[in-house]
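Peer 1: With the sequence up front, the predicted model follows.
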Amino acid sequence: MAKQLSGAGLRGQVAGKTALSTVGVSGSGLTYRGYDVKDLAASCQFEEVAYLILKGKLPNQSELDGYKTTLRSMRGLPQALKDVLERIPKDAHPMDVLRTGCSMLGNLEMENDFSEQGHATDRMLACFPSIICYWYRFTHDGVRIDVETDDDSIGGHFLHMLHGEKPRELHEQVMHVSLILYAEHEFNASTFTARVCASTLSDMHSCVTGAIGSLRGPLHGGANEAAMEMIEGFTSADDAEEKMMAMLSRKDKIMGFGHAIYSESDPRNEIIKGWSEKLAADVGDNVLYPVSVRCEEVMWREKKLFCNADFFHASAYNFMGIPTKLFTPIFVMSRLTGWAAHVMEQRADNRIIRPSAEYTGEDIRDVPPMSARS
Ligand SMILES: CC(=O)SCCNC(=O)CCNC(=O)[C@H](O)C(C)(C)COP(=O)(O)OP(=O)(O)OC[C@H]1O[C@@H](n2cnc3c(N)ncnc32)[C@H](O)[C@@H]1OP(=O)(O)O
Ligand SMILES: O=C([O-])CC(=O)C(=O)O
């Protein structure tokens with residue numbers, strides 16, 4: 001059953017058209033250009049899905065090989081961008097680093113006109129992992145890493161730079177799945193930000209920079225980090241249950257649960273949960289995964305709230321040794337495809353997005369002289 005959509009937050013209002021994805025059409029489904037995300041996550045690499053979203057069709061083998069070669073060739077960072085990254089403090093939030101990195105790239109490699117939108121997008125897809133890892137490794141480990149690795153995939157490139165060694169096949173596979181699950185989601189807050197910016201005929205880097213800012217918040221992409229911070233405070237499933245009950249009685253918001261559109265479940269959860277379970281077995285975990293499962297049970301039992309895409313991403317990333325503050329930047333590395341495709345779609349049939357407001361302020365009045373003001 002579809003969720004009742006009305007009230008504040010523009011809920012339920014159609015704000016434009018898209019051919020890119022459907023969200024929650026049957027209460028819980030998610031499709032990218034007509035393909036079920038479950039099928040894509042089961043059989044595709046992220047680069048195939050990025051190609052589908054950005055170029056409109058699934059690539060054949062030679063198109064995929066060519067696309068991966070192109071992306072591989074675009075991983076390097078200009079020195080001026082490295083200089084900026086080296087000046088950002090260690091305690092900065094990596095989402096802010098990425099926002100600045102994207103903006104700086106826009107200064108160095110401007111999108112001169114819309115015929116360059118595909119190139120600008122591919123460049124960002126290829127080098128966002130480089131930006132984040134270059135800054136992270138420089139500020140945390142004091143090393144200037146080589147960002148031009150020969151890894152086959154974007155996820156593999158990211159893990160290689162982060163850990164300083166080639167990733168295991170299992171981890172590269174989980175990255176494909178994770179990046180596919182996060183790639184596109186209709187008119188969510190960050191994508192809508194990108195579309196509003198695009199509707200002024202602004203450039204691609206400005207649209208993406210704004211979208212990164214919207215994704216950062218804990219009610220959106222930042223929830224995967226917030227969920228991790230919560231679950232790592234629980235020592236066992238029973239401890240999790242006790243603390244969750246206390247949080248619920250205080251009416252705290254529990255990050256990683258609930259959704260603006262889905263009514264019954266988030267289809268991405270079941271998939272990433274399965275991978276989290278595999279990774280838990282792989283690392284011999286007997287705390288974080290059972291804690292996460294108990295949180296899911298308590299939230300459903302008490303509030304009929306289900307895990308969204310973010311909740312089991314927290315434990316999955318943690319099992320792969322990814323620092324918590326890099327969780328949301330991974331979301332960016334993926335959602336960039338959706339943002340850019342929406343910018344292209346908006347540009348192709350544009351009218352400036354400019355809604356109206358219901359005024360609730362003072363009636364018209366005179367400006368008092370300074371001497372008469374309290
Ligand atoms: C990839 C993503 O961006 S997925 C979303 C990630 N964000 C989170 O996980 C943050 C936690 N979740 C939330 O804040 C919300 O569920 C949102 C922002 C995702 C959706 O917000 P809304 O559409 O306003 O939620 P919705 O209308 O379904 O809320 C219904 C009720 O459930 C409550 N509720 C919803 N989610 C939660 C939650 N995670 N914890 C506790 N209560 C919740 C709401 O407060 C609301 O109660 P009220 O009617 O007493 O105010
Ligand atoms: O659609 C939303 O509101 C949030 C979400 O799940 C996403 O952007 O992936």
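Peer 2: Done, it's in. Numbers count the residues shown, from 1 in each chain. Ligands and ions are numbered 1, 2, ... in the order given.
Peer 1: drop to CA atoms for contacts and neighbour counts, all remaining ones
Peer 2: Noted.
Peer 1: L336: neighbour count?
Peer 2: For L336, the count of nearby residues is 24 (other C-alpha atoms under 10 Å).
Peer 1: now do F306
Peer 2: With other C-alpha under 10 Å as criterion, F306 counts 24.
Peer 1: Alongside ligand 1, which residues does this protein contribute?
Peer 2: 218-221, 223, 252-260, 308-310 (C-alpha under 6 Å from any ligand atom).
Peer 1: These in helices, which ones?
Peer 2: Judged by DSSP state H, helices contain the following of the residues of the chain next to ligand 1: A223.
Peer 1: If we check ligand 2, which of the residues of the chain next to ligand 1 are in contact?
Peer 2: Among those, ligand 2 is touched by 220, 260 when using C-alpha under 6 Å from any ligand atom.
Peer 1: for T31, helix, strand, or coil?
Peer 2: strand (DSSP: H, G, I helix; E, B strand; the rest coil).
Peer 1: Could I get the pLDDT score of it?
Peer 2: In this model, T31 is scored at 97, pLDDT.
Peer 1: Tell me what it is bridged to.
Peer 2: Beta-bridge pairing of T31 under DSSP bridges involves T22, D36.
Peer 1: From H185, how far out is it?
Peer 2: Note on T31: its distance to H185, by C-alpha to C-alpha, to the nearest Å, is 9 Å.
Peer 1: so what sits against both of those two?
Peer 2: Common contacts of T31 and H185 (C-alpha atoms under 8 Å, 6 or more residues apart in numbering): 21-23.
Peer 1: And the residues you listed, which is closest to ligand 1?
Peer 2: Nearest to ligand 1 out of the shared contacts of T31 and H185 is V23 (C-alpha to the nearest ligand atom; 11.9 Å).
Peer 1: That closest one: what's it in contact with?
Peer 2: By C-alpha under 8 Å, 6+ apart, the neighbours of V23 are 29-31, 185-186, 261-262.
Peer 1: Run through these and flag the ones next to ligand 2.
Peer 2: H185.
Peer 1: In CSV, list the contacts of V23 along with neighbour count and distance to E172.
Peer 2: Below are the contacts of V23 laid out as CSV (neighbours: other C-alpha atoms under 10 Å; distance: C-alpha to C-alpha, whole Å):
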residue, neighbour count, distance to E172
G29, 18, 26
L30, 25, 23
T31, 20, 23
H185, 20, 23
E186, 21, 26
I261, 20, 30
Y262, 23, 29
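Peer 1: ok, which pair from the contacts of V23 is furthest apart?
Peer 2: Greatest spatial distance among these (C-alpha to C-alpha): T31 and I261, at 14.0 Å.
Peer 1: State the distance from the closest residue in space to S178 that isn't next to it in sequence to ligand 2.
Peer 2: The shortest distance from S178 to any non-neighbouring residue, by C-alpha to C-alpha, 6 or more residues apart in numbering, is to I272 (7.0 Å). In this structure, I272 and ligand 2 are 13 Å apart, going by C-alpha to the nearest ligand atom, to the nearest Å.
Peer 1: got it, and S263?
Peer 2: From S263 to ligand 2 the distance is 12 Å (C-alpha to the nearest ligand atom).
Peer 1: Hmm, that residue is touching V25, no?
Peer 2: No: judged on C-alpha atoms under 8 Å, S263 makes no contact with V25 at a distance of 10.0 Å.
Peer 1: okay, and the common contacts of those two?
Peer 2: A2.
Peer 1: neighbours of N107, just the number please.
Peer 2: Residues within reach of N107, counting by other C-alpha under 10 Å, total 12.
Peer 1: what about it, which helix or strand?
Peer 2: Element membership of N107, judged by DSSP states H and E, is helix 94-108.
Peer 1: what sits against the residue in the stretch 101-250 of the chain that ligand 1 sits nearest to?
Peer 2: Using C-alpha to the nearest ligand atom, H220 is the residue of the stretch 101-250 of the chain that sits closest to ligand 1, at 3.4 Å. By C-alpha under 8 Å, 6+ apart, H220 lies in contact with 189, 214.
Peer 1: 6 Å instead?
Peer 2: For H220, no contacting residues are found, by C-alpha atoms under 6 Å, 6 or more residues apart in numbering.
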